[in-house]
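Peer 1: need a structure here:
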Amino acid sequence: MNAMKSLYVLRSHINIVYMATMQSQQRRNLFNEHRNDKSHKGNNRSSSSSSASSSMNILFGLSLLGAGAAIATSSSSSSKALMEGLPESPSWRAGQRKDELRDYRLDEVAQHTDPTSSFWVIYREGVYDVTQFIEDHPGGEKLLLAAGSRIDPFWGFYINHNAQHVHERLEGYRIGNLHPDDVAPESDADENDPYANDPRSERSPMLLVRSEKPFCAEPPEQLLLENWLLPTELHYIRNHLPVPDVAYEDWTLTIEIEGDDTRPPLTFTIDELKENFDRVEIESTLMCIGNRVQAAKETKHVGTFYGTAIGNSRWAGVRVRDLLRAVGVSEEEADNGHFRFVHTEAYDKDPISDECYGGCVPFEKCWSSVGDALVAYEMNGAPMPRDHGAHLRLIAPGYAGVRNTKWLKKLVVSPNDGTSTWYTSDMKGAKQRIMEWTVNSYITEPLPGRVVIADEECIDVSGYAYAGGGRGIARVDVSVDNGKTWIRAQLKRPDQPLYRTWSWTHWTAEIELPEQHPGGELQICVRAIDVSFNTQPSEVIDEALIEFGAVNNAWHHVPVVLEPRELEESED
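Peer 2: Predicted coordinates for the structure are as follows:
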């Protein structure tokens with residue numbers, strides 16, 4: 001068992017190293033170095049390219065298969081450094097004393113609490129005027145809870161702030177020092193950590209961690225499509241807050257109609273849900289709104305991913321429609337459009353503001369007999385894991401992952417839109433809310449930077465496609481000349497109606513390599529078209545969404561390195 005665990009850890013470490021090596025500017029460096037090597041001829045060129053290709057293939061093979069002989073070289077200390085070192089601690093932190101600045105007492109700072117004119121906060125030994133920051137920053141309003149006092153507790157919770165660029169930006173608002181008599185001693189970073197009870201031991205070491213607190217991770221590309229139903233341990237995780245830990249027997253779900261005293265709320269335990277309502281299964285893909293954002297633009301937003309924050313699972317639970325009927329919603333009310341939304345409230349909460357996470361979905365999605373919305377208690381035939389919403393979560397097939405509220409404790413039927421901070425501000429900056437996903441596709445094979453020998457004549461390309469709102473995939477096209485010509489891919493579709501398609505489509509294509517290509521970088525790109533003939537744009541069309549960390553559905557490009565065909569030497 002320990003050997004297997006070590007193997008998984010090793011595989012994960014290799015994946016992390018592999019992905020980090022091939023991503024972003026490092027990919028470009030590889031291609032540039034490869035081009036520079038073109039000056040070498042004959043055996044030298046063949047040896048060099050063979051070596052590069054072999055090294056890459058060995059690394060790729062290790063990431064998939066593991067290497068028993070190498071397990072002994074993996075130490076627990078290196079494992080901890082790799083798995084717990086995100087984000088890296090900054091080499092310099094804001095808040096160090098500056099003797100050239102004046103000192104302020106606590107009571108002086110406490111007088112500056114007006115966010116419209118003068119709003120001060122304290123971080124470590126520094127005093128900052130962050131009035132302008134509150135207006136400009138998407139999460140700036142949370143600082144209002146620290147009016148005239150310390151923000152240190154916030155940075156202990158929103159751990160993604162512990163990055164060099166954030167410390168540098170904060171220091172730009174510096175106006176002085178906290179008086180030495182008012183400086184509190186540095187506390188232990190782990191003391192009262194709200195994430196201390198997160199299910200760390202349940203998380204697969206094969207996941208590629210994008211944020212530790214809150215925890216966000218996605219699977220390696222080469223493991224994503226090994227199965228039609230993605231194994232639960234490889235499903236992406238996108239948490240906004242610490243994971244709640246409520247005992248099964250203590251968990252309840254309340255359903256209520258907003259402002260209606262004649263129809264009192266109903267509250268069920270999980271066992272009561274199972275006993276009183278039909279069990280329903282649905283196969284549905286979830287995809288985070290931050291998926292593929294890092295591929296479009298390197299961003300510091302938590303919850304943004306490279307392209308594998310997607311997973312297809314089988315969910316089991318009770319119909320939301322049945323719960324709404326039980327609380328007293330009538331067909332007449334549903335038909336006349338009185339109810340427009342269903343608000344969701346979860347057990348996870350912000351330990352700073354004490355506000356529970358909340359969301360909202362259209363009433364029609366929950367009421368429609370073909371909307372297939374569930375309150376799920378099982379994932380892939382097993383009880384819901386903690387990171388995925390144990391013990392109950394909403395499944396709204398075809399909707400963005402953020403709408404599928406985890407750790408569900410309340411449903412509220414309402415004529416009004418949602419008011420939860422997490423719902424109303426999750427698209428601040430983009431000025432819109434994402435419900436249904438738009439059509440998207442992604443290449444999982446070949447991996448970026450793969451060396452391809454042109455003598456192979458063809459290259460196998462594969463990946464996934466998905467469209468929200470139940471729209472199936474009609475076609476997937478692949479190109480090696482930036483869209484001048486296209487090759488139609490073969491599709492593996494789910495066994496679902498074309499306009500009630502909740503699951504992803506797998507696709508494969510065999511692409512002929514260009515005969516006249518000079519070698520070097522070759523771009524492979526893909527686009528998908530759904531059954532309503534929506535198609536992916538060639539480029540990002542909504543920069544505001546990307547800036548905010550959401551929704552990239554432009555063509556996906558993967559660069560590979562093409563070795564030109566060997567030329568036979570002519571006889572004298």
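
Peer 1: Provide a list of residues in contact with residue 379.
Peer 2: 232, 235, 313-316, 385, 388 (CB atoms under 8 Å, 6 or more residues apart in numbering). Every C-beta, even on glycine, is put in place using the N, C-alpha and C of the backbone.

Peer 1: the same query, at a cut-off of 7 Å, please.
Peer 2: The contact partners of residue 379, by CB atoms under 7 Å, 6 or more residues apart in numbering, come to 232, 313, 315, 385, 388.

Peer 1: please tell me how far the fourth one sits from residue 215.
Peer 2: Same thing as residue 385. Applying CB to CB, to the nearest Å, the value for residue 385 to residue 215 is 12 Å.

Peer 1: any idea which helix or strand carries residue 120?
Peer 2: Using DSSP states H and E, the element containing residue 120 is strand 118-123.

Peer 1: can you pull the buried residues of that strand?
Peer 2: By neighbour count on 16 or more other CB atoms under 10 Å, the buried set for strand 118-123 is 119-123.

Peer 1: could those residues be laid out in CSV, adding distance to residue 250 and pLDDT?
Peer 2: Compiled in CSV, the buried residues of strand 118-123 are given as follows (distance: CB to CB, whole Å; pLDDT from 0 to 100):
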residue, distance to residue 250, pLDDT
119, 40, 90
120, 42, 92
121, 37, 91
122, 39, 91
123, 38, 90
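
Peer 1: quick one: which of those residues is nearest residue 146?
Peer 2: residue 121 (5.3 Å; CB to CB).

Peer 1: now the closest one. Nearest residue, chain neighbours left out?
Peer 2: residue 151 (4.8 Å; CB to CB, 6 or more residues apart in numbering).

Peer 1: swap in residue 501?
Peer 2: Spatial nearest neighbour of residue 501, chain neighbours left out: residue 472 (3.7 Å); criterion: CB to CB, 6+ apart.

Peer 1: go on, residue 339?
Peer 2: The shortest distance from residue 339 to any non-neighbouring residue, by CB to CB, 6+ apart, is to residue 363 (4.5 Å).

Peer 1: what residues does the one you found make contact with?
Peer 2: Shown in contact with residue 363 (CB under 7 Å, 6+ apart): 339-342, 413.

Peer 1: and it, backbone torsions?
Peer 2: Here is the backbone geometry of residue 363 (degrees, to the nearest 10): phi -60, psi -40.

Peer 1: cool, and residue 362?
Peer 2: phi -60, psi 140.

Peer 1: and it, how close does it get to residue 442?
Peer 2: 27 Å.

Peer 1: the two: which is more packed in?
Peer 2: Higher neighbour count among residue 362 and residue 442: residue 442, with 26 against 20, using other CB atoms under 10 Å.

Peer 1: need the residues that contact the host helix or strand of that one.
Peer 2: Residue 442 is located in strand 440-445, with elements delineated by DSSP H and E. Residues outside strand 440-445 that contact it (CB under 7 Å, 6+ apart) are 221, 224-225, 292, 307, 460-466, 476, 524, 526-528, 536, 553, 556, 558.

Peer 1: adjacent strands (with direction) for it?
Peer 2: strand 458-466 (antiparallel) (DSSP bridges).

Peer 1: pull out the buried residues from the partner strand.
Peer 2: Residues of strand 458-466 classed as buried: 459, 461-466 (neighbour count, 16+ other CB under 10 Å).

Peer 1: next SSE after it?
Peer 2: Heading C-terminal from strand 458-466 (DSSP H and E), you reach strand 473-479.

Peer 1: and the angle from that following strand to strand 440-445?
Peer 2: 50 degrees (axes from the mean of the first three to the mean of the last three CA atoms, to 10 degrees).

Peer 1: got the CA positions of strand 473-479 in PDB?
Peer 2: Below are the C-alpha coordinates for strand 473-479, written out as PDB (Å, rounded to 0.1, in the frame of the first residue of the first chain):
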ATOM      1  CA  ILE A 473     -21.800  18.500 -30.400                       C
ATOM      2  CA  ALA A 474     -22.500  18.400 -34.100                       C
ATOM      3  CA  ARG A 475     -18.900  18.600 -35.400                       C
ATOM      4  CA  VAL A 476     -15.300  19.000 -34.400                       C
ATOM      5  CA  ASP A 477     -12.700  20.300 -36.800                       C
ATOM      6  CA  VAL A 478      -8.900  20.100 -36.600                       C
ATOM      7  CA  SER A 479      -6.400  22.300 -38.500                       C
END
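
Peer 1: helices or strands up against it?
Peer 2: strand 458-466, strand 487-488, strand 505-512, strand 520-530 (3 or more CB pairs under 7 Å, 6 or more residues apart in numbering; DSSP states H and E).

Peer 1: quick one: the helix or strand following the strand holding residue 442 to chain centroid distance?
Peer 2: The helix or strand immediately downstream of strand 440-445 is strand 451-453, counting by DSSP H and E. Computed by CA atoms, centre = their mean, to the nearest Å, the chain-centroid distance of strand 451-453 equals 31 Å.

Peer 1: who does strand 451-453 touch, helix- and strand-wise?
Peer 2: Using 3+ CB pairs under 7 Å, 6+ apart: strand 451-453 touches helix 42-65, strand 556-563.
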